[in-house]
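In: Below are the sequence and a predicted model for it; my questions follow.
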Amino acid sequence: MDFHLQTYYPILIFMVVVAGFAVANLVITHAPWIKPRRNTPVKLMPYESGMDPIGDARQRFDVKFYLIAILFLVFDVELLFLYPWAVVTAKDAVVQLPAVLKGPVFWEMLIFLVVLAVAYVYAWRKGVFKWR
């Protein structure tokens with residue numbers, strides 16, 4: 001195995017630049033001579049989404065938020081499964097399209113997409129996508 005220290009110089013330079021940016025960020029953000037600091041009651045008040053905080057922070061949320069989060073995860077994971085398969089299939093399809101359509105992986109992905117479509121229609125019929 002041929003080991004050359006010169007091949008690691010770009011990584012070392014990158015790490016030095018990143019560390020330099022981090023140190024510069026810390027120095028600039030905490031330097032009192034760069035920016036004026038006036039702590040007013042309005043600036044010290046908690047801020048959330050452009051609205052004044054009203055009520056208790058431990059209030060109950062509607063189940064709708066959790067359903068939307070779960071649906072996002074389901075369709076996000078679908079994309080994670082589809083992307084590598086599409087890349088490999090596109091590479092093979094240039095050479096031989098009929099063989100790609102006859103393979104078992106194609107039919108497995110087709111079944112996977114049908115199951116996801118059924119889940120989407122089920123969520124749609126249940127009214128998950130309607131915002132109240």
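Out: All right, it came through fine.
In: and the gap between A22 and I28?
Out: Using C-beta to C-beta, to the nearest Å, we find A22 at a distance of 11 Å from I28. Placement of C-beta: from N, CA and C, glycine included.
In: what residues does the host helix or strand of A22 touch?
Out: According to DSSP states H and E, A22 maps onto helix 9-30. Outside helix 9-30, the residues that touch it by C-beta atoms under 8 Å, 6 or more residues apart in numbering are I34.
In: And the next helix or strand past that helix?
Out: Sequence order places helix 41-44 as the next helix or strand after helix 9-30, per DSSP H and E.
In: Could you give the average pLDDT over that next one?
Out: In this model, helix 41-44 has a mean pLDDT of 78.
In: In terms of secondary structure, what does the helix or strand that that helix is followed by contact?
Out: Going down the chain from helix 41-44, the next helix or strand is helix 63-95, by DSSP H and E. If you count contacts as 3 or more C-beta pairs under 8 Å, 6 or more residues apart in numbering; DSSP states H and E, helix 63-95 packs onto helix 97-102, helix 104-126.
In: And for I28, the neighbour number?
Out: I28 is flanked by 10 other residues according to other C-beta atoms under 10 Å.
In: where does this protein dip in pLDDT?
Out: Counting by pLDDT under 70, the chain contains low-confidence ranges at 1-3, 36, 47-53, 57, 91-102, 132.
In: From the centroid of it, which residue is nearest?
Out: Nearest to the geometric centre of the chain sits D76, at 8.6 Å (C-alpha atoms, centre = their mean).
In: distance between the ends of stretch 40-59?
Out: Taking C-alpha to C-alpha, to the nearest Å, stretch 40-59 runs 28 Å from one end to the other.
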